[in-house]
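*Asks:* sharing a model that was predicted from the sequence below.
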Amino acid sequence: MPSTPEPSAEAVGEWAVVTWDDCKTSLPINYYKVNTAQQSNALRYTERINWTGAKAYSVIAVDIAGNESAAGSVSLTVTALLAVSGIAPAGLTYAVRLALTYTTFTGFECVEIWASATNNRADATKVGETAATVWTHSGLDLVDTRYYWTRTRDVYGNYSAWYPSSATAGVAGTTSTDPADYLSVLTGSITEDELYQTLNDRIDQIDTEAFIYDEDIIEPNIYNGIAGAYSGLY
């Protein structure tokens, strides 16, 4: 009969890796069973982590005569995800800055930010993700309001609960309503070339009105034209 496996388990990146020593005794091992599923006679089992909490693994060795060993067991615990606990929005010009409150954990990857123009998470789309505590939603209209929800994600692709938890109680963030910010948008919007052209057009109008008094310009074109018009009246 094969010896009893003594498996060990660890998380390697996104994978659960279970290993054990060869359980051969008098007969070679034909295959191993992990959680009742037949595997090869390799001394390693892997699967992608898609859970939180503890998961147990049971390994049984089966030799070429069909003899089975006792089961050896091990468990692997994946830390439960902690949700974001606060969002504090601040309005900027064409943007909303979000200050995020959350605690990282083993396997933490990022915070996902979802936003909607309506206060309904069903209409929200993911607008960004960050591993920092401040994130800015840019490219908005000058006057704009968005509703925000967040969730954390771990390196295994698991998600925390939503914050806020209600699908119709998003955190509202509005772009800046400070007149000084609006003034900053206008500052510099009139270019030097535009100002020059406007002033030059006005100067040209003044020159056009004044040029008939310039004797060099009147003669012979303007003067003769006026004289011809005058003689035509009589």
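*Replies:* Alright, I've got the coordinates. Numbering: from 1, shown residues only.

*Asks:* okay, buried residues for the strand or helix carrying Tyr148 please.
*Replies:* Here Tyr148, judged by DSSP states H and E, is contained in strand 145-154. Neighbour-count burial for strand 145-154, with 16 or more other CB atoms under 10 Å as criterion, is recorded at Thr145, Arg146, Tyr147, Tyr148, Trp149, Thr150, Arg151, Thr152, Arg153, Asp154. For every residue, glycine as well, the C-beta is placed using N, CA and C.

*Asks:* same thing with stretch 168-177?
*Replies:* Applying 16+ other CB under 10 Å to stretch 168-177 flags Gly170, Val171, Gly173, Thr175, Ser176 as buried.

*Asks:* before we move on, back to that, format the buried residues of strand 145-154 as TSV; extra columns: distance to Asp123 and pLDDT.
*Replies:* TSV is the format used below for the buried residues of strand 145-154 (distance: CB to CB, whole Å; pLDDT from 0 to 100):
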residue	distance to Asp123	pLDDT
Thr145	14	97
Arg146	11	98
Tyr147	9	98
Tyr148	12	98
Trp149	11	98
Thr150	16	98
Arg151	16	98
Thr152	22	97
Arg153	21	95
Asp154	26	92
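
*Asks:* go through those residues and name the one nearest Leu98.
*Replies:* For the buried residues of strand 145-154, the residue nearest Leu98 by CB to CB is Tyr148; the value is 6.5 Å.

*Asks:* find the nearest non-adjacent residue to the closest one, please.
*Replies:* Leaving out its chain neighbours, the residue that sits closest to Tyr148 by CB to CB, 6 or more residues apart in numbering is Val171, at 4.8 Å.

*Asks:* can you give me the strands in this protein?
*Replies:* All strands of the chain, identified by DSSP state E, fall at 8-12, 15-19, 29-34, 37-38, 44-48, 53-63, 72-78, 86-92, 95-101, 108-116, 125-130, 134-138, 145-154, 171-174.

*Asks:* any idea which of those strands is most buried?
*Replies:* Counting by mean count of other CB atoms under 10 Å, strand 145-154 has the highest mean neighbour count of the strands of the chain, with a mean of 22.

*Asks:* give me the below-cutoff pLDDT ranges for the chain.
*Replies:* 181-234 (pLDDT under 70).

*Asks:* list the contacts for the residue nearest to the spatial centre of it?
*Replies:* By CA atoms, centre = their mean, the chain has its centre lying nearest to Gly128, at 1.4 Å. Residues near Gly128 by CB atoms under 8 Å, 6 or more residues apart in numbering: Glu112, Ile113, Trp135, His137.

*Asks:* same check on Thr130?
*Replies:* Applying CB under 8 Å, 6+ apart, we find Thr130 in contact with Leu100, Cys110, Val111, Ile113.

*Asks:* enumerate the beta-bridge partners assigned to it.
*Replies:* Val111 (DSSP bridges).

*Asks:* how close does Ala37 sit to Thr118?
*Replies:* Using CB to CB, to the nearest Å, one obtains 47 Å as the distance from Ala37 to Thr118.
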